[in-house]
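1. next comes the sequence, and after it the predicted model I'd like to discuss.
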Amino acid sequence: MDLHIRQLGKRYSGVAALDRVDLDVAAGELVALLGPSGSGKTTLLRVIAGLLHPDEGRVLFGADDATRLSLRERNVGFVFQHYALFKHMTVAENIAFGLRSRPRKRRPDKATIARRVEELLGLIQLPEFGGRYPEQLSGGQKQRVALARALAIDPTVLLLDEPFGALDAKVRVELRRWLRQLHERTGQTTLFVTHDQEEALELADRIVVLRDGRIEQVGTPDEIYSSPASDYVFDFIGRANVLEGRVEQGQFRIAGHAIALAAPDVADGPARLYARPHDIAPATPEAGIAALVIAAHRLADRITLELAVEGQSRPLELDFVASPGVTTPAPGSTIGLEPLRYRVFAA
Ligand SMILES: Nc1ncnc2c1ncn2[C@@H]1O[C@H](COP(=O)(O)OP(=O)(O)OP(=O)(O)O)[C@@H](O)[C@H]1O
């Protein structure tokens, strides 16, 4: 089922948790809602789920307006960060819960429910675990069961709110790869809330970057990483170097150097140049922006430098492949910086 969000707004005592949010999610897509704490991710997910009513705007499932429907009427699957399994029920009973609690007319018979549970236990790779109780499972296993429970009802959309947030880093990485594979098998339309950019980049078909209740950018992981639409996205996704300078007559000026603007749409005035660590080349001090080497690390042919540029508030990081014969610059020495790929934004 495809999903459409139109001009959603939600305020809490004057503060906009969601501000005129528009979003289209295609059937079968896995979309990550990414943003720092307080950016509105959970509020958006809850409004889509029907757990929270918006002050304005609409939620459409396909062509149907679902804005006024309850959670149950929307038939969404929801998984929270903290395991919300029923402790007194076995794994199989937990998974069957959504089907068993349907009104009699729409409730499948016992044998059908049992088959569905078996199928889902297989899908989450816990085929022998149906008779266990939640307390007999690891954190990662609990979240897989929670996912099976959400999938059991064949939800219109699957909504995941930091489902792996409470797990340790290694399990998180395993589970997000597993979720990606699962998604490829089920083709279930999914929205996934995370504040972890790596998780979003690895998992999602598309990423929605939120900031103060607004959408800052929507794009594929490649688009978000390679063509950030704003300084905020550049800084939030991946590592970013920032150089403060000025735009004058269509050029970015810093410490006596003039650098052409990649996109010539920045007005004259204070500006910042953003570049990834691997998108700045080392040069001689005369040829580039002079930078003092603070620290240098070499791993096989990769060299990483920590640098300081006079007058800049933030240190810089450079990451490059050394050509044969190149030695690692010594801390205390000065090199030049030549930005290769970058964006300039007005400060
Ligand atoms: N029940 C509430 N009462 C008052 N303010 C709220 C309530 N729920 C959320 N907010 C506010 O709305 C804004 C968005 O909150 P939301 O929980 O959606 O952010 P989030 O991006 O999910 O953050 P986190 O990653 O910390 O969960 C925040 O400023 C938050 O303080």
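-> Cool, got the structure.
2. for the rest of this, base every contact and every neighbour count on C-alpha atoms.
-> Fine.
3. what does the stretch 1-150 of the chain have sitting close to the ligand?
-> Residues of the stretch 1-150 of the chain lying close to the ligand (CA under 6 Å from any ligand atom) are Y12, A17, G35, P36, S37, G38, S39, G40, K41, T42, T43.
4. what about the first one, neighbour count?
-> Using other CA atoms under 10 Å, Y12 has 9 other residues around it.
5. for it, phi and psi?
-> phi -120, psi 120 (degrees, to the nearest 10).
6. re the thing from before, narrow the residues of the stretch 1-150 of the chain next to the ligand to those that are buried.
-> A17, G35, P36, S39, G40, K41, T42, T43 (16 or more other CA atoms under 10 Å).
7. among those residues, show me the least confident.
-> For these, the minimum pLDDT belongs to P36; the value there is 91.
8. helix, strand or coil for that residue?
-> What DSSP: H, G, I helix; E, B strand; the rest coil gives for P36 is coil.
9. make sure it is actually in contact with H195.
-> Yes - taking CA atoms under 8 Å as the definition, P36 is a contact partner of H195 at 5.5 Å.
10. low pLDDT regions in the stretch 101-250 of the chain?
-> Within the stretch 101-250 of the chain, no range satisfies pLDDT under 70.
11. in it, what residue is nearest the ligand?
-> Closest residue of the stretch 101-250 of the chain to the ligand, CA to the nearest ligand atom: H195 (6.0 Å).
12. now the buried ones among the residues of the stretch 1-150 of the chain next to the ligand in TSV, with secondary structure and distance to L120?
-> Formatted as TSV, those follow (DSSP: H, G, I helix; E, B strand; the rest coil; distance: CA to CA, whole Å):
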residue	secondary structure	distance to L120
A17	strand	36
G35	coil	31
P36	coil	33
S39	coil	34
G40	coil	32
K41	helix	28
T42	helix	27
T43	helix	29
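13. out of the residues you listed, the closest to V266 would be?
-> G35 (25.5 Å; CA to CA).
14. for that closest one, what are phi and psi?
-> Dihedral angles (degrees, to the nearest 10) for G35: phi 180, psi 160.
15. try L160
-> According to degrees, to the nearest 10, L160 has phi -120, psi 120.
16. need the contact list for it.
-> F78, V79, F80, T190, L191, F192, V193 (CA atoms under 8 Å, 6 or more residues apart in numbering).
17. tell me which stretches of the chain form helices.
-> 41-49, 71-74, 91-100, 110-123, 139-151, 169-186, 197-203, 221-226, 231-236 (DSSP state H).
18. quick one: the shortest one to chain centroid distance?
-> Taking CA atoms, centre = their mean, to the nearest Å, the mean C-alpha location of helix 71-74 is offset from the chain mean by 26 Å.
19. in that helix, what counts as buried?
-> Here helix 71-74 shows L71, R74 as buried, counting by 16+ other CA under 10 Å.
20. try the fourth one
-> Judged by neighbour count (16+ other CA under 10 Å), helix 110-123 contains these buried residues: I113, A114, R116, V117, E118, L120, L121.
21. the third one and L159, how far apart?
-> The spacing between R116 and L159, counted by CA to CA, to the nearest Å, is 20 Å.
22. domain parsing of the protein, as residue ranges.
-> Per automatic domain parsing, the domain ranges recorded for the chain read 3-231, 239-346.
23. what's near enough to touch E118?
-> P127.
24. tell me the buried residues in stretch 219-236?
-> Of the residues in stretch 219-236, those buried (16+ other CA under 10 Å) are 219-221, 224-225, 228-231, 233-236.
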